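S.K.: Sequence first, then the predicted structure:
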Amino acid sequence: MANEKILIVDDDKNICELLRLYLAKEGYETAMAYDGEAAVSAFESEKPALVLLDIMMPKMDGWEVCRRIRAGSDVPVIMLTAKGETFDKVLGLELGADDYVVKPFDAKEVVARIKAVLRRCAAAQKSPDGVLSYDNLSLDMSRYELRVRGKVVEAPPKELELLSYLAGHPNRVFTRDQLLDEVWGFEYYGDSRTIDVHIKRLREKLEGASDQWGLKTVWGVGYKFEVKE
């Protein structure tokens, strides 16, 4: 993590300085911008690994900054806002934000979110072509295409993202809450049993594909993508 640069964008300089101090303790480099136009310029010149982006700012709001970043880059973006309405979260997701933190926040939580998002992105980049391959299983997340025994199997995006995350970390056990945080990303107010439903549907689609791997329940803990050594 050390030496990765984080761009902090907020018109409140005290918030910027607080986050800068916490990130410096964790070994991150930082750059700061205090309005939307400066944010776009800083993004182009600083080439950060991640952007912390406030929504309500002078000159250009965070939504427009996020649009401009996403027009040419997949660098992760975490939105910072005093608003907590569902509409804002949906809009942020549609614009391509990776996470969402509502003010007031604990700086330690923001740092934890940054680490989680960067881990998630690093895991996705392990396969240069975006394809995860196991015996009789191919998952191409650039196309959101799942193939089992060479045949395309239809599945909704969240099922594919869940399978991609588990298969991208073979033999590692995740709790339901961890999977909600890592795969759904935004604050999730629903029942964590939604994971159970998604796992059940994936198992039906993957049933009998191979004896070399499988989606396993670890009772009392959660789930893992088990691969035989």
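M.R.: Yep, it's here.

S.K.: What part of this protein, helix or strand, is modelled with the least confidence?
M.R.: helix 86-95 (a mean of 66; mean pLDDT, DSSP states H and E).

S.K.: Parallel or antiparallel, which strands does the next helix or strand after it pair with?
M.R.: Next along the chain after helix 86-95, taking DSSP states H and E as the criterion, comes strand 99-102. Strand 99-102 pairs in its sheet with strand 77-81 (parallel), by DSSP bridges.

S.K.: May I have the partner strand as PDB, with CA atoms only?
M.R.: Provided in PDB are the C-alpha atoms of strand 77-81 (Å, rounded to 0.1, in the frame of the first residue of the first chain):
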ATOM      1  CA  VAL A  77     -13.600   6.700  -6.500                       C
ATOM      2  CA  ILE A  78     -15.100   6.900  -3.000                       C
ATOM      3  CA  MET A  79     -17.800   9.600  -2.700                       C
ATOM      4  CA  LEU A  80     -17.800  11.800   0.500                       C
ATOM      5  CA  THR A  81     -21.100  13.500   1.200                       C
END
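
S.K.: Contacts only, for the closest residue to residue 96 other than its chain neighbours.
M.R.: Of all residues not flanking residue 96 in the chain, residue 70 sits nearest, at 4.2 Å (Cβ to Cβ, 6 or more residues apart in numbering). Backbone N, C-alpha and C define where each C-beta goes, glycine included. Contacts for residue 70 (Cβ atoms under 8 Å, 6 or more residues apart in numbering) come out as 77, 95, 96.

S.K.: ok, how many other residues are close to the last one?
M.R.: Taking other Cβ atoms under 10 Å as the neighbour definition, residue 96 ends up with a count of 15.

S.K.: which phi and psi does it have?
M.R.: phi 100, psi 10 (degrees, to the nearest 10).

S.K.: OK, contacts around it?
M.R.: 66, 69, 70, 74, 77.

S.K.: The fourth one belongs to a strand, doesn't it?
M.R.: No: secondary structure assignment (DSSP: H, G, I helix; E, B strand; the rest coil) places residue 74 in coil, not in a strand.

S.K.: confidence score at the residue nearest to residue 96?
M.R.: Looking at residue 70, its pLDDT reads 85.
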